[in-house]
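Student: next comes the sequence, and after it the predicted model I'd like to discuss.
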Amino acid sequence: MCLYSQLLITSMPPREHPALSQLAHAGAESVKTFFQARPLQAQMLSAVVLSVLADLVAQMISRRRERARGAAVSWMSAIRLAVWSVVCTPMIHAWLRLLDAVLGKGTSWSVVTEKLLMDQLFWGPTFLLAFFTFVDLWDYLTGHRQPSSFHPVRMLREKVLPTHRSGMSFWIPVHLFNFAAVPSHLRILTISAANFIFNIMLALRASSSGTSPPSIKLKQRSARFAFPRRMLP
């Protein structure tokens, strides 16, 4: 986020709006300091904001496709995604730190390739299994699913692996860029921003094909939400 703030500052003509430029510069420095001093908290906040925005935009696209512009926003979907963002951000933070500790913090081709392989082969399926387990637990706690309907093997076969495969064409380039060019304290922010774009892409694809993406199932089943990929790596 501080990168985007810096770009905004450099594009502003300082002589025309000196007070506004100084205020923007001070704000950008504060954000940068916050991300460097408290990377986990800063990226958790960013993940919550971006994931909720992505869900609301996806709902808006779904309503337009179904010509139900007067339909109410499903805040339960946004709340669930916000809770998941709080839960998963420390997991992602710990995973990225583990990769740096084991494979190093360098950006050489060998280090980036090893991190990418570990992410796609191990962390991706593990993360998705945790996410879909969270979804089932949420549905159970909110009264939308019976505990007897939880089948880990079926979940792995029908949800985790297909979701992982379908997202690889998008996420491999994202993580390649993330590991090679993004500072470690901003990597979760990059993942959250990419996830925002990915969720909207799925909503647009559904809008043209006439099928609802997993992130918009709330309309058919109150609190049912299946996020298409991960929030992150």
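Tutor: On my side now, so go ahead.

Student: just checking, Phe170 touches Asn199?
Tutor: No. Look at Phe170 against Asn199 with CB atoms under 8 Å: they stay out of range, at 10.9 Å. Where C-beta positions appear, they are placed from N, C-alpha and C, glycine not excepted.

Student: between the two, who's got more neighbours?
Tutor: Asn199 (27 against 17; other CB atoms under 10 Å).

Student: what's the closest non-adjacent residue to the more buried one?
Tutor: Ala54 (4.1 Å; CB to CB, 6 or more residues apart in numbering).

Student: what segments of the chain are helices?
Tutor: Using DSSP state H, the helices assigned to the chain run over residues 2-10, 18-37, 39-65, 75-103, 109-118, 124-141, 152-155, 161-181, 187-209.

Student: on that earlier part again, show the contacting residues for the residue nearest to Asn199.
Tutor: Leu81, Asn195, Phe196, Asn199, Ile200, Ser215 (CB atoms under 8 Å, 6 or more residues apart in numbering).

Student: ok, so what distance separates it from Ala101?
Tutor: For Ala54, the distance to Ala101 equals 31 Å [CB to CB, to the nearest Å].

Student: again with Leu50
Tutor: The value you get for Leu50 to Ala101, if CB to CB is used, is 27 Å.

Student: of these two, give the one with the bigger neighbour count.
Tutor: Using other CB under 10 Å, the more surrounded residue of Leu50 and Ala101 is Leu50, with 23 against 9.

Student: verify the stated contact: that one with Ser192.
Tutor: Yes. Between Leu50 and Ser192 there is a contact at 4.4 Å, judged by CB under 8 Å.

Student: thinking again about what came up before, adding mean pLDDT, write the helices of the chain out as JSON lines.
Tutor: Formatted as JSON lines, the helices of the chain follow (pLDDT from 0 to 100):
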{"stretch": "helix 2-10", "mean pLDDT": "46"}
{"stretch": "helix 18-37", "mean pLDDT": "68"}
{"stretch": "helix 39-65", "mean pLDDT": "83"}
{"stretch": "helix 75-103", "mean pLDDT": "90"}
{"stretch": "helix 109-118", "mean pLDDT": "95"}
{"stretch": "helix 124-141", "mean pLDDT": "87"}
{"stretch": "helix 152-155", "mean pLDDT": "84"}
{"stretch": "helix 161-181", "mean pLDDT": "91"}
{"stretch": "helix 187-209", "mean pLDDT": "76"}
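
Student: excluding its backbone neighbours, what's nearest Gly104?
Tutor: Val111 (5.4 Å).

Student: list the contacts of that neighbour.
Tutor: Taking CB under 8 Å, 6+ apart as the criterion, Val111 is in contact with Leu103, Gly104, Phe179.
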